[in-house]
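Visitor: give me a model of this one.
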Amino acid sequence: MAKPGSTFTTILCIALFFATLLVIVREYTKETTGHLSQDITTRLAEVSQRAADEFGQNIDLQLNELQSIANFMAQDACTQPGKCLQHYAPLLRAAGMKKFALVALDGTGFCSESGSAFNLERTYKKELFLRALSGTAGFGAISDGTGAKLAIAVPLIRDDKVTAILLGEFEDSIMKKTLVTRAFGDKTSNMVFDDKGRLLFWAVAPGYDIEQTFPQLGEKGLPSSLQEHLLAVFANPGNRPNRFIRDDNHAYYLTHVSLEKYGLQVVSLLPEEVVDHLVDRQNAITSTLAWRMSVLALLVLVFIITILQRDNRTIRRQQEDYRSIISSISGGVIKFSGLHGAFQFISPNFLKMLGYRPEEFAQRFGENFALSIHEADRETALRTMQQQLDAGIPIDVEYRTTAKNGNLVWLYHKGSLVQPGPGQAYIQSIVFDITHNKEAIQAKRISDERYQFILEQHDIIIFEQNLISGHFSCSAKWLQTFGRVFNILEPEAEPGLIPVHVDDRELLKDFQKNVHNTLRKSKVLVELRLRDASGLYHWYRVEASNLISAQGKPVYIIGIITDIDKQKQLELRLRTQATRDSATGMHNKRATEQAISRFLSLHNNLGPDVFAMFMIDFDNFKSINDKFGHAVGDKAIYQMAQIIRRNFRSTDIVGRVGGDEFLVFCTEPMPQYKIRERAMVLVNQLHLQCGNHDDDDIALTASVGIACDPTDGRTFTDLYKHADMATYEAKRRGRNQCVFYAELTASEQQSARESRQAEGKEA
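Guide: Residues are numbered from 1 along each chain as shown. Now for the predicted structure:
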């Protein structure tokens with residue numbers, strides 16, 4: 001919570017800041033006002049320079065225009081001045097001349113204004129006339145007290161000789177137009193003086209006159225102070241200061257520019273009242289800015305105070321909430337300056353947990369937090385807490401402490417280091433009484449040991465999985481059996497993770513799916529082969545049941561694994577005995593038929609190659625039994641069976657379907673010529689001498705009939721029948737050879753069919 005003193009200090013600092021800001025603004029106002037006059041005179045000088053440039057340019061323009069007219073007049077000779085002057089009068093008036101005369105070299109001439117002879121009595125005209133006689137145009141200003149006129153003398157030159165002089169006068173209105181400026185709110189007046197300080201022209205803005213702008217000029221003429229200043233300036237062309245001139249009643253800002261080419265001075269005057277008005281306006285703007293900033297500062301102060309008050313209320317409310325939370329926590333809240341520092345705060349719940357009153361706890365442990373830890377746990381707990389603080393992680397430790405009644409209470413301490421400022425670090429923690437939890441853990445440990453003891457007395461493996469957390473656990477027997485832990489309930493993330501036999505993987509997938517998808521408590525089991533720690537596959541029965549939550553969803557799975565390898569081996573031996581021929585170890589007739597039929601139902605051969613069925617029937621076998629006995633016959637059957645087995649792959653289906661008849665089905669499609677090559681090799685190898693190793697021995701050979709899928713049939717019955725017919729044809733042709741059913745003629749097929757039917761009736 002912010003203290004009132006802190007709030008007051010904050011407000012005072014902000015007030016001082018804005019007061020300083022106002023002082024700066026005031027100083028800025030003074031500085032701006034001080035420089036304003038200088039800025040005005042600088043701008044006035046620019047105005048005067050611009051007016052002087054335009055005035056001089058206008059004089060040059062007039063002289064050039066009159067010189068052009070004079071050149072035309074010189075070319076016309078002008079022997080009769082009166083007529084010549086009347087002829088060019090429109091051009092001269094258009095050029096701005098009001099009075100003009102054409103004067104001969106002797107001083108006589110004709111005047112346009114009087115229409116009579118012209119004389120050179122006036123001094124300025126004589127001066128201009130004499131200048132023009134030298135071939136140079138002359139320009140002069142004539143002051144009459146209220147204004148001025150411009151007099152011009154232009155020589156008429158023909159064949160490089162002056163033949164006459166053109167004299168003329170301009171009204172001041174023509175020249176005043178170039179002197180008018182609109183600077184400083186139309187209050188600037190521009191004047192033209194000669195070198196003697198005589199005022200020739202002046203110009204004020206439209207809508208004003210010289211008497212309104214400068215009343216003293218209209219009443220008294222040029223003030224003496226101004227005239228003296230101008231004469232001083234005109235006398236020294238190198239010294240052209242801009243001055244502030246004041247007389248008895250008026251004051252002016254003044255600047256001037258010299259037109260040395262014509263002996264004139266252009267002067268710009270600005271009344272002091274205009275400058276005062278500009279200064280007052282600038283001061284008004286600055287004052288307005290200062291007032292606005294003061295109001296803004298006041299509003300900001302009010303806003304800041306409002307924010308601080310709101311923050312204080314928020315802090316007080318948070319503190320109330322904090323106290324409410326602390327009182328509602330089942331554990332206690334403590335704050336202490338360090339692991340060996342004093343307690344700074346102890347919540348009532350913490351004292352209630354241990355049974356102490358505040359003064360009792362302070363007297364016993366208040367000056368050192370470490371003393372509150374039971375002596376047997378103190379060193380370990382403090383070391384753990386220090387390591388956690390050094391690593392910058394929250395404190396998370398359990399230890400015992402002594403309650404007031406002398407009992408040891410287990411506490412779970414969760415805290416962190418707080419650093420509100422330099423040198424102000426402390427530890428703030430929440431402490432819970434976990435004595436009952438510790439007792440429950442002890443009871444569970446005893447129960448687990450009892451459970452483990454029972455497990456060790458039985459040859460079963462137990463596994464469990466929490467479906468919420470995903471945690472999988474198993475008994476020690478699991479690791480002894482398989483050498484490593486794997487989750488048999490979850491699909492393999494990588495092949496080979498679960499050591500299941502490749503032929504049983506689909507069974508395992510179905511088992512996993514059924515266990516997880518069962519929505520009621522039921523048992524799911526599967527029998528499959530798993531590889532043990534020695535690398536051998538054994539048969540195991542895996543059983544699992546799930547536990548259902550109140551919402552009807554599986555939350556836990558428990559199962560057992562039982563070794564059924566001996567039982568399974570016994571079953572396999574019994575099943576093998578039922579499907580195998582005892583003399584050769586091959587499939588018996590029924591197993592052979594089932595295996596071939598199942599293969600044909602799963603494979604649909606659409607390629608150019610074919611599957612082949614070999615019917616093998618031994619020649620003269622009955623003679624061997626009759627002459628040498630069944631023992632020799634059985635031995636011969638076994639030897640011939642081994643030859644047959646060696647000629648075919650382990651994946652081919654090989655079986656004994658009769659006393660001396662064997663059936664082989666090749667599960668790899670082959671071209672016709674490959675089948676023939678294999679059959680010829682087989683016939684050549686199936687040759688055995690049976691007897692007592694004397695001249696009476698009987699040669700045992702084989703006749704082979706071959707039928708192909710799909711050319712000779714698509715079912716076991718068709719292929720068997722056609723292979724049998726091909727075998728009969730091989731015997732009829734002389735035995736010890738192979739015949740393809742596809743090579744039999746229609747008559748041969750019919751003969752084989754009738755012979756087999758006859759044998760069946762005899763049997």
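
Visitor: every contact and neighbour count from this point should use C-alpha atoms.
Guide: Fine.

Visitor: show me what secondary structure element comes after the helix or strand containing residue 303.
Guide: Taking DSSP states H and E as the criterion, residue 303 maps to helix 272-328. The helix or strand immediately downstream of helix 272-328 is strand 332-336, counting by DSSP H and E.

Visitor: and the helix holding residue 303 with strand 332-336, angle?
Guide: With axes from the mean of the first three to the mean of the last three Cα atoms, to 10 degrees applied, the angle from helix 272-328 to strand 332-336 works out at 120 degrees.

Visitor: and the strands in the stretch 651-763 of the chain?
Guide: Along the stretch 651-763 of the chain, counting by DSSP state E, counting those that start in this stretch, strands occupy 653-656, 661-665, 688-690, 698-709, 738-740.

Visitor: which of those strands has the lowest mean pLDDT?
Guide: Among those, strand 688-690 has the lowest mean pLDDT, at a mean of 86.

Visitor: of all the residues in that one, which ones are buried?
Guide: 688, 690 (16 or more other Cα atoms under 10 Å).

Visitor: with stretch 746-762 instead?
Guide: Buried residues in stretch 746-762, counted by 16+ other Cα under 10 Å: 748, 749, 752, 753.

Visitor: mind checking which helix or strand of this structure has the lowest mean pLDDT?
Guide: Within the chain, no helix or strand scores below helix 215-220, which has a mean of 53 by mean pLDDT, DSSP states H and E.

Visitor: what is the helix holding residue 303 packed up against?
Guide: Secondary-structure packing of helix 272-328 (3 or more Cα pairs under 8 Å, 6 or more residues apart in numbering; DSSP states H and E): helix 4-75, strand 251-259.

Visitor: so how far is it off the chain centroid?
Guide: Put simply, helix 272-328 sits 39 Å off its chain's centre (Cα atoms, centre = their mean, to the nearest Å).

Visitor: tell me where the stretch 51-200 of the chain has strands.
Guide: Ranges of strands in the stretch 51-200 of the chain, per DSSP E, counting those that start in this stretch, are 97-103, 109-111, 117-118, 138-143, 148-158, 161-170, 189-194, 199-203.

Visitor: now those in JSON lines, with mean pLDDT and distance to residue 488?
Guide: Shown next, in JSON lines, are the strands of the stretch 51-200 of the chain (pLDDT from 0 to 100; distance: least, Cα to Cα, whole Å):
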{"stretch": "strand 97-103", "mean pLDDT": "80", "distance to residue 488": "123"}
{"stretch": "strand 109-111", "mean pLDDT": "79", "distance to residue 488": "136"}
{"stretch": "strand 117-118", "mean pLDDT": "64", "distance to residue 488": "139"}
{"stretch": "strand 138-143", "mean pLDDT": "70", "distance to residue 488": "123"}
{"stretch": "strand 148-158", "mean pLDDT": "80", "distance to residue 488": "123"}
{"stretch": "strand 161-170", "mean pLDDT": "82", "distance to residue 488": "122"}
{"stretch": "strand 189-194", "mean pLDDT": "79", "distance to residue 488": "109"}
{"stretch": "strand 199-203", "mean pLDDT": "74", "distance to residue 488": "112"}
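
Visitor: just to revisit the earlier point, out of the helices and strands packed on helix 272-328, point me to the one whose mean pLDDT is lowest.
Guide: Among the helices and strands packed on helix 272-328, helix 4-75 scores lowest, at a mean of 74.

Visitor: which of the strands of the stretch 51-200 of the chain sits closest to residue 716?
Guide: With Cα to Cα as the criterion, residue 716 lies closest to strand 189-194 of the strands of the stretch 51-200 of the chain, at 131.2 Å.

Visitor: packing partners for that closest one?
Guide: With contacts taken as 3+ Cα pairs under 8 Å, 6+ apart, strand 189-194 sits against strand 199-203, strand 264-271.

Visitor: figure out which of those is closest to residue 291.
Guide: Comparing the helices and strands packed on strand 189-194 against residue 291 with Cα to Cα, the closest turns out to be strand 264-271 (30.6 Å).

Visitor: that older thread, identify whichever of the strands of the stretch 51-200 of the chain lies nearest to residue 421.
Guide: Closest to residue 421 of the strands of the stretch 51-200 of the chain, according to Cα to Cα: strand 189-194, at 71.2 Å.

Visitor: can you list the strands that that closest one pairs with?
Guide: Paired with strand 189-194 in the same sheet, following DSSP bridges, are strand 199-203 (antiparallel), strand 264-271 (antiparallel).
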